[in-house]
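> Predicted model, plus sequence, below.
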Amino acid sequence: MIVKYFNRFYYKLYSIIVLLVIGVRIIEYICGALIRRNGRKMTAKEILSTVIAMCGGLGLFLFGMKVMSNGIEKAAGAKLRRILEIFTTNRFSGIIVGLFFTAVIQSSSACTSMVVSFVNAGLMNLTQAAGVILGANIGTTVTSLLVSFNLSAYAPLILLIGVVITMFSKKEQAKQIGEIIVGFGILFIGLSGMKDAMSVLKTNDTVINVIGSLKNPVLAILVGTVITALVQSSSVTVSIILLLASTGIMAAPLPDGSLNYQGLSIIIYIIFGCNIGATATALISSLTGKKDAKRAALIHFWFNVIGTIICAIIMAIPGLRKAIIDGLHFITPMMHDEAGNEIGKDLGKFVAYSHIIIKVFQVVIFLPFIKPLVKFSSWCVRGEDKKVGYREEGQLKYIGEKVVFNPATAVVEVIKELDRMASLASENLNRAMNALITLDQEDIDEVYKVEKNIDFLNHAITDYLVKINQTTLPIEDLKSIGGLFHVANDIERIGDHAENIADAAASRKASGATISKEAQKELGEMLDLVNKSIQYAIEMFSNSDETHMKDIIAIEDKIDTMEKQLQQNHVDRLTRGECTPAAGMIFSDIVSGLERVGDHATNIAFAIVENNRKTEEEDN
């Protein structure tokens with residue numbers, strides 16, 4: 001886990017350094033180009049003001065996207081996760097879910113990373129993941145479409161509404177909605193800042209010539225790939241290209257008013273590169289994951305690389321390239337001035353429409369080839385991971401360093417690990433009870449061995465819960481953290497009682513104490529009730545379902561009544577001389593221990609009920 005966080009830190013640090021170097025070069029070009037503007041020499045103050053405005057606008061845009069995306073994940077992450085789990089049974093529904101999911105959270109990288117973590121946790125297979133990934137590639141185009149609409153004038157009002165909701169709302173869910181609105185407002189304020197700064201550049205022939213010098217398609221794809229990989233968002237890069245086009249800096253009509261086919265085709269090639277660069281996030285997040293997680297990331301990568309190659313080949317044919325650009329230009333709406341007069345095509349929407357059509361075209365091409373794509377990714381990453389059985393000692397199965405961490409799936413993975421721990425504890429309890437009757441030394445030794453593993457899991461899961469509690473979890477998951485701590489403790493206590501029974505078995509074997517057939521029968525009947533209670537509690541915990549709550553309460557009452565009755569029966573047998581004091585002490589301790597195990601099972605069930613009630617109260 002620590003290694004993974006360091007890798008992320010160094011990647012971020014490296015990205016910042018590279019961006020700074022690129023930024024310095026860009027500033028040098030801009031400053032050199034802005035020496036003269038509209039026939040006069042620009043002052044140092046004007047140059048610095050323009051550069052700062054562009055950087056500030058970009059910073060606000062990136063921050064707004066981050067705030068909005070995080071807000072959506074926290075407010076609706078758990079619900080979206082359940083949609084991913086339920087409605088991805090086939091590739092068609094997977095595509096629809098991926099499209100919807102990405103359109104909502106405004107990030108294909110976040111969606112793909114979540115899919116990778118689902119595959120890593122065994123919640124989704126590769127074929128299902130492929131469908132979601134294809135849909136996510138279409139869903140990511142929604143951001144550029146939103147940016148193409150001029151909402152900057154309403155951005156301050158949107159921001160104010162979001163701030164008011166965040167500051168004055170008492171409900172956590174409403175606060176998260178306010179955070180989403182705040183992010184949306186900041187995003188468009190940033191866009192407005194960048195657009196205003198870019199409007200200065202469109203009057204400078206040198207800047208236009210520098211940007212227009214990018215004529216090599218391969219270089220254009222490379223630029224789009226590198227920049228998108230560094231900022232880890234194709235939406236950001238496409239939005240910047242959109243602004244450059246809409247302000248007339250890029251692909252502006254030629255002096256005679258005809259289409260700038262060269263500039264428009266370069267825009268499309270840069271979009272190709274953006275699509276490839278967007279795969280960097282999933283590839284990086286899969287590095288510490290299992291082989292299937294790496295394969296899911298490669299499905300995303302190869303889809304975009306092969307799709308780009310196919311589209312680039314089509315664009316390389318002059319006649320087709322001209323027809324494609326003419327078609328896109330035809331569907332692009334006109335812009336109007338304040339008087340309502342047409343002033344030319346809205347090239348910002350040209351960029352947004354190009355992005356959408358490219359993605360839809362690639363998905364349509366790959367739809368019949370999802371299975372071959374899955375097989376190809378499996379061929380690229382060969383072999384299988386070492387399977388961690390649920391009895392494996394000192395090994396985490398669903399969480400830990402080899403698991404792709406994603407806040408939206410972290411709690412799901414903890415629940416699966418706790419379910420495994422509960423199964424071990426339940427199994428160990430029955431093994432200990434069997435050892436008490438049979439005095440089998442191998443069973444006694446195995447109980448101690450498994451108990452050490454249960455203790456290991458308890459400490460590892462608790463540490464993991466502490467770590468994820470410090471991350472940006474969905475609201476519903478955040479509410480459940482406290483309950484999960486209690487569940488881990490209750491399961492560990494069940495394991496301790498199994499160890500106590502093993503101690504009693506060892507003591508009985510050493511002393512030669514005998515337990516009467518009647519006492520054995522009573523212990524068996526009580527164990528059956530306790531097992532039923534544990535079974536229901538684990539089912540409720542694993543499925544977050546309250547169906548068996550009444551059954552557990554009824555069983556708990558029976559266990560409490562039986563405990564009192566068995567203690568009285570024990571006293572009666574002692575009085576009649578049918579039981580030795582040594583055996584009687586063992587019997588009494590075991591009965592008390594089983595009653596406490598029943599209490600712990602009930603605690604697990606109530607932890608789930610309490611969490612569900614908190615969620616319902618918040619929703620209401």
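Cool, the structure landed.
> wait, Q362 sits on N137?
Yes: contact criterion C-beta atoms under 8 Å: Q362 and N137 qualify, at 6.9 Å. For glycine as for every other residue, the C-beta is placed from the backbone atoms N, C-alpha and C.
> The nearest residue to V374 once chain neighbours are set aside and V116, how far apart?
Leaving aside its chain neighbours, V374 sits nearest to L126 (4.8 Å; criterion: C-beta to C-beta, 6 or more residues apart in numbering). To V116, L126 is 11 Å away according to C-beta to C-beta, to the nearest Å.
> quick revisit: look at Q362 and N137 and report which has more neighbours.
N137 (30 against 22; other C-beta atoms under 10 Å).
> What segments of the protein are strands?
36-37, 40-41, 334-336, 342-345 (DSSP state E).
> ok now do the residue lying closest to L283 once chain neighbours are set aside, which residues does it touch?
Distances taken as C-beta to C-beta, 6+ apart place A297 nearest to L283, at 4.9 Å, with adjacent residues excluded. Neighbouring residues of A297 by C-beta atoms under 8 Å, 6 or more residues apart in numbering: T112, V116, T279, A282, L283, S285, S286.
> could those residues be laid out in a markdown table, adding distance to I240 and pLDDT?
Shown next, in a markdown table, are these (distance: C-beta to C-beta, whole Å; pLDDT from 0 to 100):
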| residue | distance to I240 | pLDDT |
| --- | --- | --- |
| T112 | 21 | 74 |
| V116 | 27 | 73 |
| T279 | 19 | 86 |
| A282 | 22 | 78 |
| L283 | 22 | 83 |
| S285 | 24 | 73 |
| S286 | 27 | 76 |
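> Between those, which sits nearest I324?
Among the contacts of A297, T279 lies closest to I324 (C-beta to C-beta), at 23.9 Å.
> that older thread, so which of the contacts of A297 sit within helices?
The helices, defined by DSSP state H, take in T112, V116, A282, L283, S285, S286 from those.
> With F366 as the reference, measure out to the fourth one.
From L283 across to F366, the span is 18 Å (C-beta to C-beta).
> Between these two, which is the more surrounded one?
Set L283 next to F366 and count neighbours by other C-beta under 10 Å: F366 wins out with 21 against 16.
> I figured the more buried one was touching L373, is that so?
Yes: using C-beta under 8 Å, F366 is in contact with L373, at 6.5 Å.
> circling back to that earlier point, any common contacting residues for Q362 and N137?
N275, F303, N304.
> The last one: neighbouring residues, count only.
Right, N304. 24.
> ok, now the first one?
Counted with other C-beta under 10 Å, the neighbours of N275 add up to 29.
> List just the nearest of the ones in helices among the contacts of A297 to P156.
T112 (33.5 Å).
> got the contact list for that closest one?
Under the criterion of C-beta under 8 Å, 6+ apart, the neighbours of T112 are I133, A136, T279, T281, A282, A296, A297, H300.
> which residues touch the last one?
For H300, the set of contacting residues under the criterion of C-beta under 8 Å, 6+ apart consists of T112, I133, N137, T279, A282, L283.
> For Q441, the count of nearby residues, please.
12.
> so where's the stretch 301-450 of the chain uncertain?
For the stretch 301-450 of the chain, applying pLDDT under 70 flags the ranges 335-344, 385-391, 400-405.
> same deal with the stretch 151-300 of the chain?
In the stretch 151-300 of the chain, residues with pLDDT under 70: 200-212.
> burial measure for G257, as a count.
Neighbours of G257 (other C-beta under 10 Å): 7.
> Look up how far I324 lies from it.
Per C-beta to C-beta, G257 is found 21 Å from I324.
> Throw the ones in helices among the contacts of A297 into JSON lines and include distance to L566, thanks.
Below are the ones in helices among the contacts of A297 laid out as JSON lines (distance: C-beta to C-beta, whole Å):
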{"residue": "T112", "distance to L566": "57"}
{"residue": "V116", "distance to L566": "52"}
{"residue": "A282", "distance to L566": "58"}
{"residue": "L283", "distance to L566": "61"}
{"residue": "S285", "distance to L566": "54"}
{"residue": "S286", "distance to L566": "55"}
